[in-house]
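Structure of the sequence below:
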Amino acid sequence: MTDDGFFREVNEELRSDKVKAFWKRYGSLLIGAVVALVVGTGIFAFYEYWTEKQASQSGDQFLAALNLVRDGKNDEALKTLDQLEKDGYGAYPVLARMRAAGVIAQKGDLAGAVAAFDKVSADTSIPQAIRDLAKLRAAFILVDTGSYDDVASRAEPLSSDSNPMRHSAREALGLAAWKAGRGADATKLFQQISDDQAAPANVRQFADTMLDLLKSTGATPAAAAG
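Next up is the predicted model:
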């Protein structure tokens, strides 16, 4: 009998005076259904409790790591973040990896920080937005410590007109180009930011400042062409 047929017959039996016959025929099924419902509800309630508890514990652990960083206890923070990466619930392991890479940079190990961010960006199990953010973080570190090509390999894929991170990606590329003596490229990139009405005001303001600086130093396309 199909589910639909069962419920139709149940309805007919209840509408007649054959309740006893109905109970004799279907009583055990109804009891089983009720028991299954109660057990299922109990399992769901336990899972919901366990989920909330795990998330709360991971959240507390992540907050503790942030407080350690604030207090300058970077080594202790890294230990806490490493444990959270292994045992954390939900998104917390990924957040721990990102924050740990930042702490490594704060400690002065910039190559180690770039490697940590690169590892996150290469992990296909992580949401694309987080992977892109990791690329961007590595790119900004490499503005100071790497070559233009090092920065470009990470930031260029994020600089297209449709990418929500394009403003920051172009900023990293512009700074790297300026540092490498590529004034024309830097000017083009900062001009793109300045012209983009969707760019945050502070980012556009910085781009305008860089454009003024490039102009004052003669590193504009017109100056280069002359």
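
In contact with the residue nearest the centre of the chain, which residues?
In the chain, the residue lying closest to the centroid (C-alpha atoms, centre = their mean) is Ile130, at 3.2 Å. The contact partners of Ile130, taken as C-beta atoms under 8 Å, 6 or more residues apart in numbering, are Val94, Met98, Val120. C-beta here means a position set from N, CA and C on the backbone, and glycine is covered the same way.

Please tell me how far it sits from Val94.
Ile130 is 6 Å from Val94, where distance means C-beta to C-beta, to the nearest Å.

Can you mark which positions in the helix or strand where Ala172 lies are buried?
Applying DSSP states H and E as the criterion places Ala172 in helix 166-179. For helix 166-179, burial by neighbour count (16 or more other C-beta atoms under 10 Å) applies to 166-178.

Of the residues you listed, which is the nearest to Asp60?
Within those, the smallest distance to Asp60 is 30.9 Å, found for Ser168 (C-beta to C-beta).

Same list, the contacts of Ile130, but as CSV with pLDDT please.
Formatted as CSV, these follow (pLDDT from 0 to 100):
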residue, pLDDT
Val94, 89
Met98, 91
Val120, 96
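
What is the nearest of these to Arg182?
Val120 (28.5 Å).

sorry, back to before: between Ile130 and Val94, what contacts are shared?
With C-beta under 8 Å, 6+ apart as the test, Ile130 and Val94 both reach Val120.

Which other helices and strands does the helix or strand Ala184 falls within contact?
Using DSSP H and E, Ala184 sits within helix 183-195. In terms of contacts (3 or more C-beta pairs under 8 Å, 6 or more residues apart in numbering; DSSP states H and E), helix 183-195 is packed against helix 166-179, helix 201-216, helix 221-225.

Just put the ones you listed in TSV and tack on distance to Ala152 and mean pLDDT.
Converted to TSV, the helices and strands packed on helix 183-195 look like this (distance: least, C-beta to C-beta, whole Å; pLDDT from 0 to 100):
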stretch	distance to Ala152	mean pLDDT
helix 166-179	6	95
helix 201-216	17	93
helix 221-225	19	46
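
can you tell which of these is closest to Ala113?
helix 166-179 (14.9 Å).

ok so, going back, select, out of the helices and strands packed on helix 183-195, the one closest to Ala155.
Proximity to Ala155, assessed across the helices and strands packed on helix 183-195 by C-beta to C-beta, is greatest for helix 166-179 (4.3 Å).

pretty sure Asp132 contacts Met165?
Yes - the criterion here is C-beta atoms under 8 Å, and Asp132 meets it with Met165 at 5.7 Å.

joint contacts of these two?
Common neighbours of Asp132 and Met165 (C-beta under 8 Å, 6+ apart) are Leu158.

Run through the helices of the protein in chain order.
3-15, 19-70, 74-87, 92-106, 110-121, 128-145, 148-155, 166-179, 183-195, 201-216, 221-225 (DSSP state H).

Need the residues that contact the helix holding Ala172.
Contacts with helix 166-179, where a contact means C-beta under 8 Å, 6+ apart, come from 136, 139-140, 142-143, 147-148, 150-152, 155-156, 158-160, 163, 183, 185-186, 189-190, 192-193, 196, 198-200, 203, 206-207, 210, 214, 219.

Quick one: buried ones out of these?
With burial judged by 16+ other C-beta under 10 Å, the buried subset of the contacts of helix 166-179 is 136, 139-140, 142-143, 148, 150-152, 155-156, 158-159, 183, 185-186, 189-190, 192-193, 196, 199, 203, 206-207, 210, 214, 219.

pLDDT weak spots in this structure?
1-55, 219-226 (pLDDT under 70).

which residues does Ala152 contact?
Ala152 neighbours (C-beta under 8 Å, 6+ apart): Leu173, Ala176.
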